[in-house]
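Engineer: Next one to model:
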Amino acid sequence: HRDGIDATAIRAPAPVIQFQYVARMIGGPNRLDTCMLRSALALALLFATGHAIAADWQLSGYVETDATTADATRTRHRGSSSVNVNRLGFYSDLTYDSRSDSWFALSDRGPGGGVISYATRVQQMRIPFNRRSGSIGQPVVIRTIRFEDERGSTLNGLNPALLGGRPDVLGNSFDPEGFAIGRSGQWFVADEYGPSLYQFNASGRRVRTFEIPANLQPRTATGALDYVAGRSLVTNGRQDNRGFEGLTLNASGTRLYAVMQDPLVNEGASNDGRRSRHARIVEFDVASGRSLRQFVYLLESIDVLNAIDPASDDNFSATHQGRSIGLSAIHALSDNEFLVLERDNRGLGVEATAVPLHKRVYRIALDGATDVSALSLAGSNNLPAGVVPVRKSMEIDVLAQLRAVGADVPEKLEGLAVGPQLTDGRHLVLIGSDNDYSVTQTGAGEQYEVCVNRSTGARVSDVPLDGQCPQGMTRVPGVLLAFAVDFRKPEK
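Structural biologist: Numbers count the residues shown, from 1 in each chain. Model prediction:
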């Protein structure tokens, strides 16, 4: 990028991939000792050197969790609406907490497109794993924490127009998609509705709201805020419900980085974000709560992705570029380098979709990238002269790994987190899928179970909530992928 070369034209060799598929836990779960903290410090020091590192990723586990699994709220409820009370929800984001040796998994705005009331929450989990192989067992929810505002009122997955009666006021509408844990145990949560960024205490009570840059806020042609409308009305700011999708703290704990799922609605050719490759990464100062810089991240070109299966009858069109390809998660390796999860919107999920082409983890570096917080990228799919995007290289093709072992490919891989160190010095890295509670709804808000035949691809979406799927069909599960990753291998 420093030489003005398109990243899609020249690629570094892909990392050496070793395949190992472990369908079940080998041996019993292992508790970590004090070396866990030393492991985290060692990883931070490793990437603080600034040297190029090519990690080895080894698929070590694939675990599915049934869609009807309950969380730990112990809520009792009668009738078919129980799905809206304590069905688990899965990995809209995923974070490992070394202090408690547990994982925090976000449930998003609930089973529905923001049209059904749902008390938003985060799940604290134990995920058993083998410290030699990196294989994992079935997650166990040990605590479910509901999000509350400063007065103790529950934050709700309903969109602002339905919850508060005004599309221009967020109120307590909340769509949590990114989660990070601070050094003092405080939580930082990125919201997609705004986009917004909040700080919570460890009991789920909101204590601070961060300042959001004006260029990200969804506004109509008259300049009015509108958090609900789509492209027909919103002409500036984030695309409809494609705000902050991932969040991480840097290694020093001083900066937060939130990734926009897709380009802004007004950026790209014809001022149409659906045509753009330019997603934004937004930097925040933890101490002041203010945004500092924005960087451009180049999404993979649909030309490159379509070339994977040129005979397909369902390749991506021009307006899929900034709509069907997007960022789902970010995880800091140092103050400068990060892992990001980039994916298409295809695979096993609540919608009948085409064959997936793109599920990858990339490593990015911020040094040398241009701050574009004061720049508009509207009017063209090319970056302005002199604007340098973040440096980007592929770490692992997750789709290729799943196909190599014959596993189903989840539609929405959304959570990514580096966990504890294994006995041989590798790290356990988990990637989780959001199954949308295996529920869909009509335009009037009536909800139904989604049932799929995973052999034929057939699906039905008219089963009443909590009803039984037809014979041979199942609900869409939540999926955890485990990788044993050697971050110490120097680049050849």
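
Engineer: can we go C-alpha only for contacts and neighbour counts from here?
Structural biologist: Fine.

Engineer: if I look at the spatially closest residue to V460 that is not a sequence neighbour, how far off is G246?
Structural biologist: Closest residue to V460 apart from its sequence neighbours, by Cα to Cα, 6 or more residues apart in numbering: C451 at 5.4 Å. Applying Cα to Cα, to the nearest Å, the value for C451 to G246 is 28 Å.

Engineer: Mind checking which of those two has more residues around it?
Structural biologist: For C451 and G246, the more surrounded residue by other Cα atoms under 10 Å is G246, and the numbers stand at 33 against 25.

Engineer: Dig out what the more buried one forms beta bridges with.
Structural biologist: Counting by DSSP bridges, G246 is bridged to V259.

Engineer: Quickly note the distance from it to Q58.
Structural biologist: Going from G246 to Q58 by Cα to Cα gives 24 Å.

Engineer: which element is A400 on?
Structural biologist: Using DSSP states H and E, the element containing A400 is helix 398-404.

Engineer: what about that helix, distance to the chain center?
Structural biologist: Offset of helix 398-404 from its chain centre (Cα atoms, centre = their mean, to the nearest Å): 19 Å.

Engineer: which stretches of the stretch 351-492 of the chain have low pLDDT?
Structural biologist: 489-492 (pLDDT under 70).

Engineer: run the last query once more with 90
Structural biologist: Scanning the stretch 351-492 of the chain for pLDDT under 90 picks out 351-354, 440-447, 455-458, 461-462, 464-467, 488-492.

Engineer: buried ones in stretch 137-146?
Structural biologist: G137, Q138, P139, V141, T144, I145, R146 (16 or more other Cα atoms under 10 Å).

Engineer: nearest to W187, of the residues you listed?
Structural biologist: Nearest to W187 out of the buried residues of stretch 137-146 is I145 (Cα to Cα; 11.8 Å).

Engineer: re the thing from before, strands - which of the buried residues of stretch 137-146 land there?
Structural biologist: Counted as lying in strands by DSSP state E, out of those, are V141, T144, I145, R146.

Engineer: Tell me how many other residues crowd the residue nearest to Q441 when sequence neighbours are not counted.
Structural biologist: Using Cα to Cα, 6+ apart and skipping residues adjacent in sequence, the residue nearest Q441 is Q447, 4.1 Å away. Residues lying near Q447 (other Cα under 10 Å) number 23.

Engineer: what are the phi and psi values for Q447?
Structural biologist: Phi and psi for Q447, reported as degrees, to the nearest 10, are phi -110, psi 150.

Engineer: List the residues that contact it.
Structural biologist: Contact analysis of Q447 by Cα atoms under 8 Å, 6 or more residues apart in numbering lists G112, V439, T440, Q441, P464, L465.

Engineer: So which of the residues you listed is surrounded by the most neighbours?
Structural biologist: When neighbours are taken as other Cα under 10 Å, the top entry among the contacts of Q447 is V439 (28 neighbours).

Engineer: My guess is that one contacts V452. True?
Structural biologist: No - counting by Cα atoms under 8 Å, V439 stays clear of V452, with 11.6 Å between them.

Engineer: Helices along the protein, start to end?
Structural biologist: 35-48, 83-86, 160-163, 302-306, 398-404 (DSSP state H).

Engineer: and the contacts of Q447, which two are the farthest apart?
Structural biologist: Farthest pair in those (Cα to Cα) is G112 and P464. Separation: 14.1 Å.

Engineer: quick one: low-confidence parts of the stretch 201-350 of the chain?
Structural biologist: 232, 241, 309-314.

Engineer: about what we covered before: any idea how far the residue nearest to V460 is from L480?
Structural biologist: 20 Å.

Engineer: ok, now H320?
Structural biologist: 27 Å.

Engineer: which one of these two has more residues nearby?
Structural biologist: Counted by other Cα under 10 Å, H320 and L480 do not tie: L480 has more neighbours, with 27 against 16.

Engineer: Return the residues in contact with the more buried one.
Structural biologist: Residues near L480 by Cα under 8 Å, 6+ apart: G61, Y62, V63, E64, L430, I431, G432, S433.

Engineer: Look at the residue lying closest to V189 once chain neighbours are set aside and say how many residues are nearby.
Structural biologist: Of all residues not flanking V189 in the chain, F179 sits nearest, at 4.7 Å (Cα to Cα, 6+ apart). By other Cα under 10 Å, the residues close to F179 number 30.

Engineer: Now do the contacts for F179.
Structural biologist: D93, L94, T95, L106, W187, F188, V189, A190, G246, L247, T248.

Engineer: show me the contacts for S328.
Structural biologist: E245, G246, V259, Q261, V340, L341, E342, R343, L413, E414, G415.

Engineer: ok, so what distance separates the second one from R277?
Structural biologist: Which is G246. Counting by Cα to Cα, the gap from G246 to R277 is 17 Å.

Engineer: you'd agree Q421 is up against F483?
Structural biologist: No - counting by Cα under 8 Å, F483 is not a contact partner of Q421; they are 11.6 Å apart.

Engineer: quick one: common contacting residues for the two?
Structural biologist: Counting by Cα under 8 Å, 6+ apart, the contacts common to Q421 and F483 are L428.

Engineer: follow-up on the earlier one: which among the contacts of S328 gets closest to I302?
Structural biologist: R343 (11.7 Å).

Engineer: what pairs with that closest one across the strands?
Structural biologist: Taking DSSP bridges as the rule, R343 bridges to G326, K359.

Engineer: these two touch, right, it and K359?
Structural biologist: Yes - assessed by Cα under 8 Å, R343 is found in contact with K359 at 4.4 Å.

Engineer: what touches both of those two?
Structural biologist: L413.

Engineer: for L327, what are its contacts?
Structural biologist: Applying Cα under 8 Å, 6+ apart, the residues near L327 are E245, G246, V259, M260, Q261, D262, A279, L299, V340, L341, E342, R343.

Engineer: Report how many residues lie close to the first one.
Structural biologist: It refers to E245. 29.

Engineer: Isn't it up against D262?
Structural biologist: No - E245 is not in contact with D262 according to Cα under 8 Å; the separation is 9.0 Å.

Engineer: Distance to I127 and pLDDT added to the buried residues of stretch 137-146, as CSV?
Structural biologist: Shown next, in CSV, are the buried residues of stretch 137-146 (distance: Cα to Cα, whole Å; pLDDT from 0 to 100):
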residue, distance to I127, pLDDT
G137, 6, 98
Q138, 7, 98
P139, 5, 98
V141, 9, 96
T144, 15, 95
I145, 18, 96
R146, 21, 95
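
Engineer: which one of these sits closest to Q123?
Structural biologist: Of the buried residues of stretch 137-146, the one sitting nearest to Q123 (Cα to Cα) turns out to be T144, at 4.7 Å.
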